[in-house]
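Trainee: Give me the fold of what follows.
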Amino acid sequence: MLQITLPDGSRREFPGPVTVAEVAASIGTGLAKAALAGRVDGRLVDTSHRIDADAQLAIVTDKDADGLEIIRHSTAHLLAYAVKELFPDAQVTIGPVIEHGFYYDFAYKRPFTPEDLAAIEKRMGELAAKNEPVVRRVLPRDEAVAHFKSQGEHYKAEIIGSIPAGEDVSLYREGGFEDLCRGPHVPSTGRLKHFKLMKVAGAYWRGDQKNEQLQRIYGTAWASKDALQGYLTMLEEAEKRDHRKLGRELDLFHLDEHSPGTVFWHPKGWTVWQVVEQYMRAVYRDNGYLEVKGPQIIDRALWEKTGHWDKYRDNMFTTESEKRDYALKPMNCPGHILIFKQGIKSYRDLPLRYGEFGQCHRNEPTGGLHGIMRVRGFTQDDGHIFCTEAHILDECVAYTALLQKVYKDFGFDNIIYKVATRPEARIGSDAVWDQAEHALMESLRRSGCEFEIAPGDGAFYGPKIEYTLKDAIGRQWQCGTMQVDFSMAERLDAVYVAESSERKHPVMLHRAIVGSLERFIGILIEQHAGALPAWLSPVQVVVAAITDQQAEYAADVAKSLQKQGVRVHLDLRNEKINYKIREHSMQKAPYILVVGDKEKANGAVAVRARGNQDLGVMPLADFQSKLASDIALKL
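Mentor: Numbering: from 1, shown residues only. This next block holds a predicted model:
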C-alpha cells in the first residue's frame, strides 16, 4: 500500500502509484476541480504527476500563492500559443512570471501594434475556451534541440543547447503549441480565464544590448474576475497619481536629458523638500543624533578597504586627479567611520549617533531610471549608531518607535516589517549573530509589531529589519531599514576603549527612515495624489481679492499669515474670482481665502478648503487658529 500524508496530518492509502489529480478526487469533487498542481515532499509538480512511494502532499489551488504563479506562468504560454497561431513566422524565446503578471519575448519581422495586441488577447480567450489539456513530455537535450530547430525556433534551440549535455528537458504541449518549460502548469487551458495584455516594449536577447532586439509583450493574470478588475482599477488610480505627471502639473520639479537621473527642483518642489528635510532634522536633534557632513569625493583606497571598489565599482562614478583615483560616494557609511575615528572614543561615549543628509551618486542604468523614484543622484536621511552589542536591542526598540511616529506624521499607518537573517556566507560568530537577530526581533515584539522572517536574506556583515510602507491604493514601498554591521568599523580600524581598557571595534547600526528624500517625496506625491496635507503643501494658503478695492486688505491678511510662518500666495490679478478659485483648486492649495467688501469691513475671510468645501466666513484670527491646529496635527 502507498501512503499519502496531507497537510492536516491525515493519511490516505492507495493500492499503487497514484497521480496528484487522483488524490484530489479521492478527497472531494470540489478539490478535484480546483486543483492546479501539487506539492510532493516540498516539490511543485503537475496534477498528472505520478506518486510511486509514500509522500507528503499538498494540493495547490488558485487560493495559494503557488497557484497564482502557476496561472501566470501558464498564461505566458497561452500568450505564446496565440502569437504563433496569428503570426506563424514569429519566434518564441522566454516567458517568465513577474510581479502581478508575466511577459514573453518574441522575434518578429515588424513591431506589434495595439491592434495586434487586441487580436492576440482575443485569440488567447478563444484558446482558453477550448479547454485543451496541457501535456508534459521529457526529451534528451540533443533531441529537444533538433526538435525546435526543425520548427524554426532557433532561439529556443539555443536556450536548450546551453543546458549540459546528457540532461533531459521537459516540454509542455497545448493544442498545436509546444514549449520548453520546467513546469508545473495548469491541467488545461480552460483554467486560464482572467488575464489582460498590458503593453509591448523592446528587449534585447539574453539582456545584452549587443544582441538583436526582441519584442516583449507584458500581461497580467489573476485567479478571479474581481481580482483582475481590482488590479486594473489600481493601475488607473496609480496613473492619476503618477508623480511625474503631478510634478509637471503642480510645477514641483522636472527631469532633463542634460543630466539624466538627477532632479531639477522648482521653487514649490524645493519648498516641499525643505519641509521634509527640516522635519527630519528636528527628528535627529530630538533623538540624540549629532548631524555631520562628509565629502562627496573620496579616494579609491578607502573604497578598496570597505570592499566597494571590487563589488560595486560599476555603479560608482569615478574621476582622477593628480594620478589618484576617486569616486563620488554611493553611500555615507565610510565617511561617518572616518569622523568617528577622530579622537579617542570611550565606552562612555557610546552609543554615538551620527546623522547626515548625505548626497550620494550611483551609476544606475538609464533603463532603470524612473522619475524621482529611481535616480542617480539622491540624498539620504542617513544615520549610523556606533554602539556595543549590549546596546543593539534598546537602540532598535527606540528606532522602531521613532520610525512609526515619522511615518504616521507623513500619513502612513500601514507598515510591513521583515527581519532578514544570517546568510550562509557571513562573518562573525554564531553567538554574535544570535544576539543581533534576537535584538532585532525582540525590538519589534516590544514595539507590538508582527513581522515576517526572510531566512538567509541578511547581509554578510549582519542581519537587518526592512520597513515597508503600504500606500493609499495598496502599493508597497520599502523605505526604512535598520542594519546591524559587525564588519565595516573593523575594516576601517575604528575602535573605542572598553571598560576593561581593551580596544574594541564598535558595532555599527545603519539606519534610514525615509531613505532617499527624492524617492520619498515621490511616494508622498502619489500617496496624497498631489494634494499634500497643509503642513507639507508648498503653498498652504492662497489669499484672493475679488476686486482691486480689497487689494490692500488682502495684502494685510497675507502679511499676517506670513508672520505666523504660513506659506502664502497673494493673488491680486485682474481676473474673475471664480477663475482664480478654479485655478488654485487645480494646484491643490489646502485653503483659498476670498476677500470682498464684506470681509474687509468685518476683518474676516471667506474660507474655501480643498475639495470645493465652503467653510463660510470667519474672523481672520479664527482661521489662523484652525490652520495652526492643522499644521500641529500634521493634517
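
Trainee: quick one, helices of the stretch 451-600 of the chain?
Mentor: 488-491, 517-527, 551-563, 577-586, 597-602 (DSSP state H, counting those that start in this stretch).

Trainee: Out of these, which gets nearest to Val45?
Mentor: helix 517-527 (40.6 Å; CB to CB). Quick note: C-beta positions are derived from backbone N, CA and C, even for glycine.

Trainee: who does that closest one touch, helix- and strand-wise?
Mentor: Helix 517-527 sits against helix 225-241, helix 243-249, helix 267-286, strand 377-387, strand 476-485, with contacts defined as 3 or more CB pairs under 8 Å, 6 or more residues apart in numbering; DSSP states H and E.

Trainee: Quick one: mean pLDDT for the longest one?
Mentor: When pLDDT is averaged along helix 267-286, the result is 97.

Trainee: what angle do that helix and helix 517-527 make?
Mentor: 110 degrees (axes from the mean of the first three to the mean of the last three CA atoms, to 10 degrees).

Trainee: for whichever helix or strand comes after helix 267-286, the distance to its chain's centre please.
Mentor: Once helix 267-286 ends, the next helix or strand along the chain (criterion: DSSP states H and E) is strand 290-291. Relative to the centre of its chain, strand 290-291 is centred 29 Å away, using CA atoms, centre = their mean, to the nearest Å.

Trainee: Same question for stretch 466-474.
Mentor: 9 Å.

Trainee: Could you do stretch 588-601 as well?
Mentor: 42 Å.

Trainee: end to end, how far does that stretch reach?
Mentor: 29 Å (CA to CA, to the nearest Å).

Trainee: Show me what counts as buried in that stretch.
Mentor: 588-596, 599-600 (16 or more other CB atoms under 10 Å).

Trainee: I figured Arg503 hits Tyr496, correct?
Mentor: Yes: between Arg503 and Tyr496 there is a contact at 7.5 Å, judged by CB atoms under 8 Å.

Trainee: neighbour count winner among those two?
Mentor: Between Arg503 and Tyr496, counted using other CB atoms under 10 Å, Tyr496 has the larger neighbour count: 22 against 11.

Trainee: Okay, and the beta partners of that one?
Mentor: Lys504 (DSSP bridges).

Trainee: any idea how far Asp485 is from it?
Mentor: 15 Å (CB to CB, to the nearest Å).

Trainee: And for Gly30?
Mentor: Taking CB to CB, one finds Gly30 at 52 Å from Asp485.

Trainee: now swap in Phe410 and tell me
Mentor: Taking CB to CB, one finds Phe410 at 27 Å from Asp485.

Trainee: For burial, what's the neighbour tally of Ser26?
Mentor: 13.

Trainee: which residues sit in contact with Ala129?
Mentor: Gly190 (CB atoms under 8 Å, 6 or more residues apart in numbering).

Trainee: so Asp548 sits right up against Asn574, yeah?
Mentor: Yes: here Asp548 lies in contact with Asn574, judged by CB under 8 Å, at a distance of 7.2 Å.

Trainee: who has more neighbours, the two?
Mentor: Neighbour count, other CB under 10 Å: between Asp548 and Asn574, Asp548 has more, with 10 against 7.

Trainee: Report the separation between that one and Glu575.
Mentor: On the measure of CB to CB, Asp548 and Glu575 end up 11 Å apart.

Trainee: and Lys149, what element?
Mentor: helix 141-150.

Trainee: After that helix, which helix or strand is next? Please name it.
Mentor: With secondary structure assigned by DSSP H and E, helix 141-150 is succeeded by helix 154-161.

Trainee: Which strands and helices lie in contact with that following helix?
Mentor: Using 3+ CB pairs under 8 Å, 6+ apart, helix 154-161 sits against strand 91-92, helix 141-150, strand 177-180.

Trainee: Just send the ones you listed back as JSON lines, with distance to Ala420 and mean neighbour count too.
Mentor: JSON lines is the format used below for the helices and strands packed on helix 154-161 (distance: least, CB to CB, whole Å; neighbours: other CB atoms under 10 Å):
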{"stretch": "strand 91-92", "distance to Ala420": "37", "mean neighbour count": "22"}
{"stretch": "helix 141-150", "distance to Ala420": "37", "mean neighbour count": "17"}
{"stretch": "strand 177-180", "distance to Ala420": "34", "mean neighbour count": "20"}
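
Trainee: Span of stretch 56-76 from start to end?
Mentor: Stretch 56-76: ends 29 Å apart by CA to CA.

Trainee: Buried residues of that stretch, list them for me.
Mentor: Applying 16+ other CB under 10 Å to stretch 56-76 flags 57-62, 64, 66-76 as buried.

Trainee: again with stretch 174-192
Mentor: For stretch 174-192, by 16+ other CB under 10 Å, it's 174, 177-181, 183-189, 191-192.

Trainee: biggest separation within these, which pair?
Mentor: Leu180 and Arg191 (20.8 Å).

Trainee: Can you tell me the closest non-neighbouring residue to the residue positioned nearest the centre of the chain?
Mentor: In the chain, the centroid-proximal residue (CA atoms, centre = their mean) is Trp477; its distance is 4.2 Å. Leaving aside its chain neighbours, Trp477 sits nearest to Leu469 (4.7 Å; criterion: CB to CB, 6 or more residues apart in numbering).

Trainee: give me the number of residues near the one you found?
Mentor: Neighbours of Leu469 using other CB under 10 Å come to 22.

Trainee: start the count at 58, not 1, going forward
Mentor: Sure, I'll start numbering at 58, so the last one becomes Leu526.

Trainee: just checking, it touches Tyr474?
Mentor: No: with contacts counted by CB under 8 Å, Leu526 stays clear of Tyr474, the gap being 11.2 Å.

Trainee: Would you mind measuring from Ala455 to Lys475?
Mentor: Counting by CB to CB, the gap from Ala455 to Lys475 is 19 Å.

Trainee: hang on, I meant Cys390
Mentor: 21 Å.

Trainee: same deal with Asp671?
Mentor: From Asp671 to Lys475 the distance is 46 Å (CB to CB).

Trainee: so Phe374 makes contact with Asn420?
Mentor: Yes: taking CB under 8 Å as the definition, Phe374 is a contact partner of Asn420 at 5.5 Å.

Trainee: Please identify every residue contacting each of those two.
Mentor: Arg433.

Trainee: Quick check: Tyr160 touching Ala133?
Mentor: Yes: between Tyr160 and Ala133 a contact is recorded at 7.2 Å, counting by CB under 8 Å.

Trainee: Not counting its own residues, what contacts the helix or strand Leu672 falls within?
Mentor: Assigned by DSSP H and E, Leu672 falls within strand 670-676. Residues outside strand 670-676 that contact it (CB under 8 Å, 6+ apart): 655-656, 659-666, 683.

Trainee: Need the residues you listed in a markdown table (columns: pLDDT).
Mentor: Below are the contacts of strand 670-676 laid out as a markdown table (pLDDT from 0 to 100):
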| residue | pLDDT |
| --- | --- |
| Lys655 | 95 |
| Glu656 | 96 |
| Asn659 | 95 |
| Gly660 | 95 |
| Ala661 | 97 |
| Val662 | 97 |
| Ala663 | 97 |
| Val664 | 98 |
| Arg665 | 97 |
| Ala666 | 97 |
| Lys683 | 96 |
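
Trainee: Highest neighbour count among those?
Mentor: Val662 (28 neighbours).

Trainee: For beta bridges, what are the partners of that residue?
Mentor: Under the criterion used here (DSSP bridges), Val662 is bridged to Met675.

Trainee: average pLDDT across stretch 94-103?
Mentor: 95.

Trainee: So for that stretch, what gets flagged as buried?
Mentor: 94-97, 101-103.

Trainee: so what's the residue lying closest to Ala588 once chain neighbours are set aside up against?
Mentor: Once flanking residues are discounted, Ala588 sits nearest to Lys645: 4.5 Å by CB to CB, 6+ apart. Neighbouring residues of Lys645 by CB under 8 Å, 6+ apart: 307, 587-589, 594, 667.

Trainee: could you dump the residues you listed to a markdown table with distance to Leu385?
Mentor: Formatted as a markdown table, the contacts of Lys645 follow (distance: CB to CB, whole Å):
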| residue | distance to Leu385 |
| --- | --- |
| Leu307 | 30 |
| Gly587 | 32 |
| Ala588 | 36 |
| Leu589 | 31 |
| Ser594 | 33 |
| Arg667 | 41 |
